[in-house]
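**Student:** from the sequence below, what's the structure:
(one chain, ligands or ions: 1)
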Amino acid sequence: MASKSFYITTPIYYPSAKLHIGHAYCTTIADAMARFKRLAGYDVFFLTGSDEHGQKIQQAAEKEGVTPIEYVNKIVAGFQALWKRLHISNDDFLRTSEPRHHRVVQEFFRRAKAKGDVYKGEYTGLYCTPCESYWTELQLDENGCCPDCHRPVQQVSEEAYFFKLSNYADRLLKHIEENPDFIQPVSRRNEMISFIKQGLDDLCISRTSFDWGIPVPDDEKHVIYVWFDALTNYVTAAGFFDDPEKFKKFWPADVHLVGKEIVRFHSIIWPAILMSLDLPLPKQIYGHGWLIVDGDKMSKSKGNVVDPNLLIDEFGADAIRYFLLREIALGQDGNFSRDALIGRINADLANDLGNLLHRTLNMIAKFQDGVIEAATTKNETDDALIGDAWEMVSGYEAGMEKMAISPVIRRLWTFIGRANKYIDETAPWALAKDPTKKAELATVMYNLAESLRVISILISPFMPETAPKIWAQLGMTKDFASVRLDDVKNGWGGLPAGQHIGEAEPLFPRIETEKEETPAKPEKTKTAPKQEKKTETAESGVITIDEFKRTELRVAEVTAAERVPKTDKLMKLTLTLGDETREVVSGIADTYTAEELVGKHVILVANLKPAKLRGIVSHGMVLAASDGEKLRLIETDMPAGSVVR
Ligand code: ME8
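**Tutor:** Presented below is the predicted three-dimensional model:
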């Protein structure tokens with residue numbers, strides 16, 4: 001049986017400047033989809049590349065005193081190195097300067113001309129060199145500049161070839177209307193429909209004012225317009241000339257993933273060219289939003305361009321990938337901030353995922369000599385965990401098929417939270433003390449290890465470096481590269497019982513951030529950590545449920561307390577969370593004596609940045625209520641370690 005195929009592309013990037021986190025965002029989404037499809041058993045072709053021609057590149061090379069190809073070679077090597085570091089699993093990297101591509105572009109030009117869709121004329125228009133785009137008077141911004149980059153446009157008049165785009169307006173509109181998935185998300189689809197309805201002008205597809213490009217066949221003083229050249233890359237790499245079998249398998253592409261500002265080129269110009277050549281149209285153009293930085297568009301002049309290489313140096317590729325995929329709803333603009341990145345690393349990766357792995361492996365090592373024994377018992381708590389796992393697994397595939405990446409990740413993390421809660425509910429440390437509970441303990445440990453096996457498989461499209469690490473730490477011997485979604489879908493219990501766990505290794509160390517020494521005020525009941533950046537919600541004083549969920553509240557038992565010498569209010573508390581001990585400094589010494597505190601079950605903000613108070617590092621904060629005079633700790637009768645939600 002022929003396997004299912006999946007062809008996904010990113011745009012090919014201009015080697016005009018260094019790639020920034022926005023480019024990394026686009027490529028990471030495509031990579032996550034490619035990896036998911038491989039996991040689901042598809043034969044995947046994932047393409048990215050570089051868009052190397054055009055006046056802008058020629059001018060930049062001249063400025064540096066090198067040839068255009070020398071200029072782009074260096075920059076493109078940087079792209080390829082970045083994609084490697086970010087674990088981008090592209091199957092091909094297409095450079096438009098390659099001969100294999102020249103042949104295809106010239107053939108496309110020839111065939112469109114033979115069809116009667118290309119003619120020679122005189123072009124007079126307004127051209128934006130940095131954007132390689134022509135604009136009409138009406139499209140310019142309020143200053144008469146390019147509506148995209150807001151730089152001046154030039155009046156250009158030259159002999160040129162034109163493509164009869166106007167011929168295809170009706171067919172295009174019909175295609176878009178009959179195929180609701182062709183342009184996604186819906187907002188972009190609607191934009192394109194109204195754009196076409198305003199009428200399409202023929203498109204100038206050649207230039208004579210520079211020569212860094214693919215020559216027009218039989219009229220070499222013209223070079224082919226960069227967008228005609230660039231868009232064609234998708235068929236070159238799919239084997240249009242070189243590999244008809246491959247082309248049959250992968251064309252039409254399943255998804256062209258592009259930024260919102262180039263949806264127009266992909267959903268109007270590109271399909272019209274393909275229609276002219278009687279080739280099938282791509283199945284979907286997906287327009288993602290832009291990544292802005294601390295609320296602002298990235299630009300060199302603002303000095304806020306975020307270099308993905310530096311972020312990888314500091315935090316590692318998987319943390320960056322996780323942040324980009326989890327934080328931003330595909331299709332919408334999203335904000336990148338260092339604080340938010342660190343917040344996610346600490347809360348979701350170090351805390352939720354890291355703790356689940358760490359606690360599980362620790363307990364298997366301590367209570368079962370490192371062997372994952374078979375689960376032979378079952379009770380309601382076990383059933384609830386397994387039930388939640390199944391619900392999550394079934395939503396995973398459907399969600400990923402719709403490219404609902406962020407919701408899928410959020411659901412996965414709800415399950416991770418569920419598994420952490422299962423530890424608190426089953427209290428394995430108590431089971432381990434009771435020789436009659438050996439079987440129950442084995443079940444709990446097995447279910448936790450199996451949860452982690454499932455998690456490692458399902459996070460692999462997002463965190464390809466972390467997933468096999470978890471796999472190895474569980475002692476799995478099957479080659480992770482051969483793992484498929486079926487290894488999860490085939491049922492609970494895929495983890496072979498009786499295996500020894502591997503070597504434990506922390507996945508994501510907490511990122512400790514500098515904090516000034518300030519004496520602590522008694523903590524009033526709070527719902528969320530203070531946001532440093534102004535957000536819409538912060539300004540209104542309201543937080544979203546997602547912001548609230550970033551606060552990790554846990555029940556902690558006070559096992560020891562002592563006053564901090566030479567202070568009025570500070571008390572050093574030793575807390576247990578079941579399997580973890582913490583030291584916290586709290587300003588409650590004028591309300592409680594040390595003796596009164598021991599044994600209390602209080603609420604701890606567990607993922608607060610550690611802070612130094614009078615030389616003691618406080619790992620969290622306990623919640624108290626105050627009416628301005630009286631101060632009382634919030635107490636509960638739930639067991640230590642319970643999650644507060
Ligand atoms: O447009 N956030 O190349 P390019 C998210 N060569 N995405 C961003 C972004 C940001 N801040 N900034 C840029 C080109 N991008 C053409 C493509 S395809 C046949 C030719 C995205 O290097 C942008 O939206 O200017 C676009 O999809 C991609 O980076 C490439 O931009």
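
**Student:** would you point out which residue of the protein is nearest the ligand?
**Tutor:** The ligand sits closest to Gly259 of the chain, with a gap of 1.5 Å, by C-beta to the nearest ligand atom. Heads up, the C-betas are built off the backbone N, CA and C, glycines and all.

**Student:** so who does that residue touch?
**Tutor:** Neighbouring residues of Gly259 by C-beta atoms under 8 Å, 6 or more residues apart in numbering: 11, 22, 26, 287-290.

**Student:** same question for Ala169.
**Tutor:** 196, 199-200.

**Student:** quick revisit: what's across from the residue of the chain closest to the ligand in the sheet?
**Tutor:** Bridge pairing for Gly259 (DSSP bridges) gives the partners His288.

**Student:** got the residues of the stretch 151-300 of the chain near the ligand?
**Tutor:** By C-beta under 6 Å from any ligand atom, the part of the stretch 151-300 of the chain that sits against the ligand consists of 230-231, 233, 258-259, 261-262, 290-291, 298.

**Student:** which element is the spatially most central residue of the chain on?
**Tutor:** Geometric centre of the chain, nearest residue: Leu325, 1.9 Å, by C-alpha atoms, centre = their mean. Element membership of Leu325 [criterion: DSSP states H and E] is helix 317-327.

**Student:** helices or strands next to that helix in the packing?
**Tutor:** helix 21-39, helix 308-315, strand 334-336, helix 338-344, helix 405-426 (3 or more C-beta pairs under 8 Å, 6 or more residues apart in numbering; DSSP states H and E).

**Student:** nearest to Arg321, out of those?
**Tutor:** Nearest to Arg321 among those is helix 21-39 (5.2 Å), distances taken as C-beta to C-beta.

**Student:** what mean pLDDT does the closest one get?
**Tutor:** Computed over helix 21-39, the mean pLDDT rounds to 97.

**Student:** following that helix, which helix or strand shows up next?
**Tutor:** Per DSSP H and E, the first helix or strand lying C-terminal to helix 21-39 is strand 43-50.

**Student:** what segments of the stretch 351-500 of the chain are strands?
**Tutor:** Taking DSSP state E, counting those that start in this stretch as the criterion, the stretch 351-500 of the chain carries its strands at 371-372, 499-500.

**Student:** most packed of those strands?
**Tutor:** strand 371-372 (a mean of 20; mean count of other C-beta atoms under 10 Å).

**Student:** which strands and helices lie in contact with that strand?
**Tutor:** Short answer (3+ C-beta pairs under 8 Å, 6+ apart): strand 371-372 packs on helix 438-459, strand 499-500.

**Student:** among the ones you listed, which is the most enclosed?
**Tutor:** Of all those, helix 438-459 has the most neighbours on average by mean count of other C-beta under 10 Å, namely a mean of 23.

**Student:** angle of that one against helix 21-39?
**Tutor:** Between the axis of helix 438-459 and that of helix 21-39 there is an angle of 120 degrees, by axes from the mean of the first three to the mean of the last three C-alpha atoms, to 10 degrees.

**Student:** if we can go back for a sec, so for Asn90, which of the strands of the stretch 351-500 of the chain sits nearest?
**Tutor:** Among the strands of the stretch 351-500 of the chain, the nearest to Asn90 by C-beta to C-beta is strand 499-500 (34.5 Å).

**Student:** in stretch 144-162, what's buried?
**Tutor:** For stretch 144-162, the neighbour count (16 or more other C-beta atoms under 10 Å) marks 145-147, 149, 153, 156, 160-162 as buried.

**Student:** could you do stretch 165-184 as well?
**Tutor:** Under 16+ other C-beta under 10 Å, the buried positions of stretch 165-184 are 165, 167-169, 172-173, 175-176, 182-184.

**Student:** just the ones of the residues you listed in strands?
**Tutor:** 183-184 (DSSP state E).

**Student:** farthest pair in the buried residues of stretch 165-184?
**Tutor:** Asn167 and Gln184 (25.8 Å).

**Student:** ok so, going back, for the helices and strands packed on strand 371-372, which one sits closest to Pro509?
**Tutor:** Pro509 lies closest, by C-beta to C-beta, to one member of these: helix 438-459, at 18.1 Å.

**Student:** so what does the closest one touch, helix or strand wise?
**Tutor:** helix 355-368, strand 371-372, helix 380-401, helix 405-426, helix 428-433, helix 466-473, helix 486-489.

**Student:** export the ones you listed to TSV and append columns for mean pLDDT and distance to the ligand.
**Tutor:** Below are the helices and strands packed on helix 438-459 laid out as TSV (pLDDT from 0 to 100; distance: least, C-beta to the nearest ligand atom, whole Å):
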stretch	mean pLDDT	distance to the ligand
helix 355-368	97	32
strand 371-372	98	43
helix 380-401	97	21
helix 405-426	97	15
helix 428-433	97	45
helix 466-473	98	24
helix 486-489	96	31
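
**Student:** pipe those into a markdown table and attach distance to Gly498 per row.
**Tutor:** Putting these into a markdown table (distance: least, C-beta to C-beta, whole Å) gives the following:
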| stretch | distance to Gly498 |
| --- | --- |
| helix 355-368 | 11 |
| strand 371-372 | 7 |
| helix 380-401 | 19 |
| helix 405-426 | 21 |
| helix 428-433 | 19 |
| helix 466-473 | 17 |
| helix 486-489 | 18 |
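
**Student:** Glu132: which of these is closest?
**Tutor:** Of all the helices and strands packed on helix 438-459, helix 405-426 sits nearest to Glu132, with 30.3 Å by C-beta to C-beta.

**Student:** so how far is the closest one off the chain centroid?
**Tutor:** Mean-position distance between helix 405-426 and its chain equals 19 Å (C-alpha atoms, centre = their mean, to the nearest Å).

**Student:** enumerate the positions of it that are buried.
**Tutor:** For helix 405-426, by 16+ other C-beta under 10 Å, it's 405-406, 408-409, 411-413, 415-426.
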